[in-house]
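> Fold the following, please.
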Amino acid sequence: MPKIIINEKEIEFEKGMTVLQACELADVEIPRFCYHEKLSIAGNCRMCLVEMEKSSKPIASCAMPAAEGMNIKTNTEFVKKARKGIMEFLLANHPLDCPVCDQGGECDLQDQSLFYGFDKSRFSENKREVKDKYMGPLIKTQMTRCIHCTRCVRFAEEVAGVPEIGSVGRGENMEITTYLEQSMTSELSANVIDLCPVGALTSKPYAFEARPWELKKTESVDVMDAVGSNIRVDTYGWEVKRILPRLNNEINEEWISDKTRYACDGLLKQRLDAPYIKKNGKLIKSNWDEAVELVTKKIKSTNPEKIGAHIGDMTSIETIFALKTFLKNINCNNYDFREKNLYINPSDKENYIFNTSIQGIEESDLILLIGCNPRHEATIVNARIRKTFVKNKTPIFSVGNSGDLTYDYTLLGENINDLKNIFDEKSKISEKLKNSKKPLFIIGESALELKNAKYILDETKNFLIKNNFINDTWNALNILTQNASTVGAIDLGFYNTEDKNNFIFFDKLKNKDFKLLYLVGSDNLEVKKSDEFIIYQGSHGDKSAEIADVILPSPSYTEQDGLFENLEGRIQECRKASYPTNEAIEDWKIFNLINNSLNKSDLFNDFLSIRKLALKEIPNFSEIGLLPKKNKISNQESSVVISGEEIEIKLIDYYFSNSIARASKTMSDCRDVIHNNKKNGTNN
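Residues are numbered from 1 along each chain as shown. Got it, this is the predicted structure:
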């Protein structure tokens, strides 16, 4: 390996590294504003200046390739003077409004001016003023503070794939702006707030809410989709004030979707804070004793075969396990997690997870989307696909019209026969598939809702095994699930299926076979209420609470501990960041109350015992935070095409996909902006 001398210390570095990266290997801190590890190099701010032997001028370490034999010094008087000069230039026009700036306390410019700045300025001219720009309901702008680092521009272009931000003008008159003076249309847009090293771009919903040092910070995971993005929940008292990304290169890198970041204000709205009982057609506030007594009475008087249960999209592994245990205790076997007729094959774990892994997407040399829209179904997965497309020029194909994605793709058709042509090697990509080494097949839930769902899953897997695309080092079969609870629920067997009928629960629901329906956090299941008795256990007064006969309030995902299994089969811990509202009780404790009323005994002694028992039930479990162990490869039974069915990708109401998002004013504002853009014909 080549070697470089940094502050008289010899360091080995990899070919292709910059001087700044080599300095990091030597544990030498280099200040920077424009440089970011996940973005292209701009070399705008010049704050990273260092001294190089035989160079009469300081060099920008972020843009200078490291070379064998270089002698770099980072703390000489020459370097200090250069950095002070740069800081003086940056502050020449920057307003000194730290006391009222939301970036105060976590501002790069504030921190670096303290360590590398000058105590006075030689500039006596008036500071410039720049008109604030409109970037939508999420991003607050104060462009007078902008130091032209262009991080936001590069993020929009390279990561989000929506080149709507750019610079106009030159020198001091340069301005960062949205070209059409409209809201950013990317689902990742608010990441520019984290990237901005000053207070030019800040969070509009969070404006003047709290200071960083006032907040309690809790590391957790996101449940708005099945990706399991790593997040940090910041709370003030018991209120969740904001959600920020945590670095995890295997899942979300350092990005999160706008829904993950901003749906948190829905945690304060439409909350269920006490038990309710329906009397004379109206929900009346009650107490736990009365509510549990009524539930117990109804369960005792109902045949177990006539009792059905359903869990929602944001339900933890422990809650699913606890509910299943409770249902077994009352001899009920009618339960499911699916919100629609979604075909599943739980015989092998690889049949329902994203086997390649999210990080593995970057290794693929061909991507085929089957009935999915990753942009709305799994925004972070979509960002990783774009990264692969931009970096490796990976060709992307789709069976079913995926709509407007953030990368170019070739539509192969919208019929099941177009997929059959691929399996029969009659498609125009057959040759490319044969020549590929690591292809990626991604099957979406829209494909698994079709009559031909069994054919799609079985024949995709058989085709990949036949062509050795599923082996010990690579598994090209990937299922793109949408809900945070899906993989965990399948692992725990929370479903009703038979070989001939995959939808027993839904058939019974449609035929009105249930006399008692127990909904736990379930707000997206379509229930046409008639004379059945409905128990709703959840955190928000949403769709299911409206039709319930009894409401049992439970905490949201930020108010109780829980494990969630993401689409890769990776189990992660969601930690308690705040407290449940008023009389709300943790889910497992509610099951204990009801069971105690029924049988005079507790189901569980404590929460940790539930977690321990649940993890034993998870197949291929390795360790919390890690990918599951690999399965032995097994073929599926061959299936046949039922009919020439169209593969139609169902649209998702992205900003209103769950009860928390529907209660969020910010998500409502985002939804309105998107609808207005569509009306005006300006949406991407």
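
> switch to C-alpha atoms for all contacts and neighbour counts from now on
Will do.

> Dump whichever strand or helix holds residue 310 to CSV, keeping only the CA atoms.
Secondary structure assigned from DSSP states H and E places residue 310 in strand 307-311. Written as CSV, here are the backbone C-alpha positions of strand 307-311 (Å, rounded to 0.1, in the frame of the first residue of the first chain):
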residue,chain,number,x,y,z
ILE,A,307,-63.6,-14.9,17.3
GLY,A,308,-61.1,-13.2,14.9
ALA,A,309,-58.0,-11.1,15.5
HIS,A,310,-55.9,-8.8,13.4
ILE,A,311,-52.7,-6.9,14.1
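
> Name the residues that touch it?
Residues from elsewhere that reach strand 307-311, judged by CA atoms under 8 Å, 6 or more residues apart in numbering: 299, 320, 332-337, 505, 514-522.

> Now, these that are in strands?
Among those, the subset assigned to strands under DSSP state E consists of 335, 336, 516, 517, 518, 519, 520.

> Go through those residues and give me the one with the most neighbours.
Among the ones in strands among the contacts of strand 307-311, residue 520 has the most neighbours (other CA atoms under 10 Å), with 26 neighbours.

> quick one on the thing from earlier: and the strand holding residue 310, how far from the chain's centre?
Relative to its chain's centre, strand 307-311 lies at 27 Å (CA atoms, centre = their mean, to the nearest Å).

> Could you do stretch 514-523 as well?
27 Å.

> about what we covered before: state the mean pLDDT of the strand holding residue 310.
The average pLDDT within strand 307-311 is 97.

> Please tell me how far residue 143 sits from residue 102.
From residue 143 over to residue 102 the distance is 14 Å, taken as CA to CA, to the nearest Å.

> Please name the residues that touch the residue lying closest to residue 522 once chain neighbours are set aside.
When the adjacent residues along the chain are set aside, residue 522 lies closest to residue 312, with 3.7 Å between them (CA to CA, 6 or more residues apart in numbering). With contacts defined as CA under 8 Å, 6+ apart, the neighbours of residue 312 are 337, 485, 519, 520, 521, 522, 523, 524.

> so what's the first one closest to, chain neighbours aside?
The spatial neighbour of residue 337 that comes closest, neighbours along the chain excluded (CA to CA, 6+ apart), is residue 311 at 5.1 Å.

> what comes up buried for stretch 645-665?
If you call a residue buried by 16 or more other CA atoms under 10 Å, then stretch 645-665 has these buried ones: 646-649, 654-665.

> hey, where'd the strands end up in the stretch 301-450 of the chain?
307-311, 335-336, 366-370, 396-399, 410-413, 439-444 (DSSP state E, counting those that start in this stretch).

> pLDDT weak spots in the stretch 551-684 of the chain?
Within the stretch 551-684 of the chain, the set of residues satisfying pLDDT under 70 comprises 678-679, 681-684.

> Give me the distance between the residue most central in space within the chain and residue 247.
For the chain, the residue whose C-alpha lies nearest the mean C-alpha position (CA atoms, centre = their mean) is residue 229; its distance is 4.4 Å. Between residue 229 and residue 247 the computed distance is 9 Å (CA to CA).

> Now do the strands in the stretch 551-684 of the chain.
Assigned strands in the stretch 551-684 of the chain, in chain order: 562-565, 571-574 (criterion: DSSP E, counting those that start in this stretch).

> other SSEs contacting the first one?
When contacts are defined as 3 or more CA pairs under 8 Å, 6 or more residues apart in numbering; DSSP states H and E, strand 562-565 packs onto helix 317-329, helix 486-491, strand 571-574.

> So which bits of the lowest-mean-pLDDT helix or strand in the chain are buried?
Lowest on mean pLDDT, DSSP states H and E among the helices and strands of the chain sits helix 665-680, with a mean of 85. Using 16+ other CA under 10 Å as the test for burial, helix 665-680 gives 665, 666, 667, 668, 670, 671, 673, 674, 677.

> Off-centre distance for that helix?
Centre-to-centre, helix 665-680 and its host chain are 20 Å apart (CA atoms, centre = their mean).

> again, but for stretch 216-223
Its chain's C-alpha centre lies 12 Å from the corresponding centre of stretch 216-223 when counted by CA atoms, centre = their mean.

> what mean pLDDT does it have?
96.

> neighbouring contacts of that stretch?
Residues outside stretch 216-223 that contact it (CA under 8 Å, 6+ apart): 228-236, 246, 260, 314, 483-484, 557, 564, 572-577.

> Sort out for me which of these are in helices.
Of the positions in the contacts of stretch 216-223, residue 260 sit in helices, assigned by DSSP state H.

> Can you select the buried ones among the contacts of stretch 216-223 for me in ChimeraX?
The following ChimeraX command selects only the buried members of these, with burial defined by 16+ other CA under 10 Å:
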select :228,229,230,231,232,233,234,235,236,246,260,314,483,484,557,564,572,573,574,575,576,577
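
> Isn't residue 133 up against residue 175?
No - distance between residue 133 and residue 175: 9.7 Å, which falls outside the contact criterion (CA atoms under 8 Å).

> joint contacts of the two?
Any residue near both residue 133 and residue 175 by CA under 8 Å, 6+ apart counts here, and that gives residue 143.
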